[in-house]
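Q: Sequence and predicted structure below; questions after.
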Amino acid sequence: MVIDVRDLYDKLDEYMEKKVTLQGWIRNHRKQKEFGFIDFNDGTYFKSVQVVYDDKLSQFDEIQKLRIGSAIEVIGNVISSPAKGQDFEIQVEEINLLGDCPEDYPIQPKRHTREFLREQAYLRPRTNLYSAIFRVRSVAAYAIHKYFQQNKYVYFHAPLITASDCEGAGEMFQVTTLDLERVAKSGAVDYSKDFFGKKAALTVSGQLQAETFALAYKRTYTFGPTFRAENSNTKTHANEFWMIEPEMTFTDLEGDMDVMEDMLKFVVKYVLDNCKEEMTFFDSFVEKGLIDKLTKLVNSKFIRIDHEEVIKILKEAPVKWEFMPEYGEDIAREHEKYITEYFDGPVFIKNWPKDIKAFYMKQNDDGKTVAAVDLEVPGAGELMGGSQREENYEKLVNRMNELGMETEGLDWYLNLRKYGGCVHSGFGMGFERLLIYLTGVENIRDVIPYPRTPGNCEF
């Protein structure tokens, strides 16, 4: 019976001194005159297994010809290993070649740059770094679903094609079946002849639609891809990324922050508990002190402070700012860093100036701020953003008019305020931003299997 490498590590006592069959790939092959060593990995566990063979085997010459990257079947006995740092190895009885690999296989056992591996994105999960990254991605995704399902949220699949711009920024990828060359020649666009009979685009957020489900199920969440046609080449921006967006009825801003804190701690702890090998690797080779940083977050109490008070602290700080903090304005990355260091932990910055936030946010009684919140975490800056949603129909319409937004096409969203509307809140977290924080890997291109960025749509 074929077993997984993970089985060996999880239940070593059960397999010790017994014959096993493994199927996987050669990571490295060190050949000597009378024996050889194969680093064998089947993808089920972060660590590889050392496979040992000698010239007593009738297959010896054949095995010595096996190349790195080849798929093989190993039949052998699990024995104690004399090598330092490993408890066992496989003493070969038989090796069968299942899939050959040429000499020019790009992933050789040497240090490759991340830039090179992005060009080989279809092969990079076979390296230690990306094997760890994408397993953490998988486990973190499961943890997110586990948290919301345990807390009785309904998982909502938001549409990817939409006619509404949630953020109002206009940075959307248009979806069309029109002949663009013909449109260019005519100089006019008749959207009534397009596929949907109107202008359509890829979604930038599932929030507005998620609110409709929250007002039916009490608690809902989306977790799926979103798209921004933003021509940005920074380490933290991509044009296709995944978002987690819960919406909760009968929940104000304080309750919103309670969920944000609880969910983040749950996911971080779950990854720490279930990706021990991967997290140790990141802590050793990517970001020193990563595990301590994440453990501290799980055990900390998040600070809650108004935006106005944050600006006051920043203005009084003995720091020469590159960008001077100002009341009524957003804060820069240097400010986020200072505030988390000032409080020595995660910080909720709440009650933001109305003029720099989205139209759907709850307007506070002071007429100047909205019930919005951003979560700043040490070493990463903003990780999550949320708000209490405006439940008052007239206030929401007036705000849209102030911003010059058309209410036509969003009547369904406005009607939520008329048809049994209530206090409700929600937040969004970019999944890749979370992965950057969890792994210490700084570039978003390295935590997405196939990144979509300006000028890059490979694979």
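A: On my side now, so go ahead.

Q: residues in contact with the nearest residue to Asp446 once chain neighbours are set aside?
A: With sequence-adjacent residues excluded and distances taken as C-beta to C-beta, 6 or more residues apart in numbering, Asp446 is closest to Arg114, at 5.8 Å. (Glycine included, C-beta is placed from N, CA and C.) Applying C-beta atoms under 8 Å, 6 or more residues apart in numbering, we find Arg114 in contact with 129, 443, 446.

Q: which residues does the residue lying farthest from the centre of the chain contact?
A: What lies farthest from the middle of the chain is Lys56; by C-alpha atoms, centre = their mean that is 49.4 Å. Applying C-beta under 8 Å, 6+ apart to Lys56 gives no contacts.

Q: now it: how far from Ser81?
A: 19 Å (C-beta to C-beta, to the nearest Å).

Q: Check Phe459 too.
A: Distance, Phe459 to Ser81, using C-beta to C-beta: 38 Å.

Q: Among these two, which residue is more densely surrounded?
A: Ser81 (16 against 10; other C-beta atoms under 10 Å).

Q: For that one, give its distance to Leu8.
A: 12 Å.

Q: Now for the two: what residues contact both?
A: With contacts taken as C-beta under 8 Å, 6+ apart, Ser81 and Leu8 have Phe88 as neighbours in common.

Q: what's the pLDDT at the residue nearest to Asp446?
A: Listed pLDDT for Arg114 reads 96.

Q: swap in Ala169?
A: 58.

Q: shaky segments in this structure?
A: Along the chain, the parts satisfying pLDDT under 70 run over 166-170.

Q: Around Lys47, count how many other residues there are.
A: Neighbourhood size, Lys47 [other C-beta under 10 Å]: 16.

Q: Make 59 the first number, not 1, from now on.
A: Got it, first residue is 59 now, which makes that one Lys105.

Q: how about the contacts of Arg172 in CSV, adding secondary structure and neighbour count?
A: Listed next are the contacts of Arg172 as CSV, based on DSSP: H, G, I helix; E, B strand; the rest coil; neighbours: other C-beta atoms under 10 Å:
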residue, secondary structure, neighbour count
Leu187, helix, 21
Asn501, coil, 17
Asp504, helix, 23
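
Q: Roughly how far does the residue nearest to Asn332 when sequence neighbours are not counted sit from Gly437?
A: Excluding the flanking residues, the one nearest Asn332 by C-beta to C-beta, 6+ apart is Val197, at 5.4 Å. To Gly437, Val197 is 21 Å away according to C-beta to C-beta.

Q: what helices or strands is whichever helix or strand the residue nearest to Asn332 is part of leaning on?
A: Here Val197 sits within helix 186-208, counting by DSSP states H and E. Contact here means 3 or more C-beta pairs under 8 Å, 6 or more residues apart in numbering; DSSP states H and E; on that basis helix 186-208 packs against helix 172-177, strand 212-213, strand 277-285, helix 311-332, helix 334-343, helix 489-497.

Q: now, of the ones you listed, which is deepest in the fold?
A: helix 489-497 (a mean of 23; mean count of other C-beta atoms under 10 Å).

Q: before we move on, back to that, buried ones in the helix holding Val197?
A: Residues of helix 186-208 classed as buried: 187-195, 197-199, 201-202, 205-206 (neighbour count, 16 or more other C-beta atoms under 10 Å).

Q: Closest to Glu131 out of the residues you listed?
A: Ser189 (20.8 Å; C-beta to C-beta).

Q: That closest one contacts Pro183, doesn't it?
A: Yes. Counting by C-beta atoms under 8 Å, Pro183 is a contact partner of Ser189 at 5.8 Å.

Q: Thanks a lot, see you next time.
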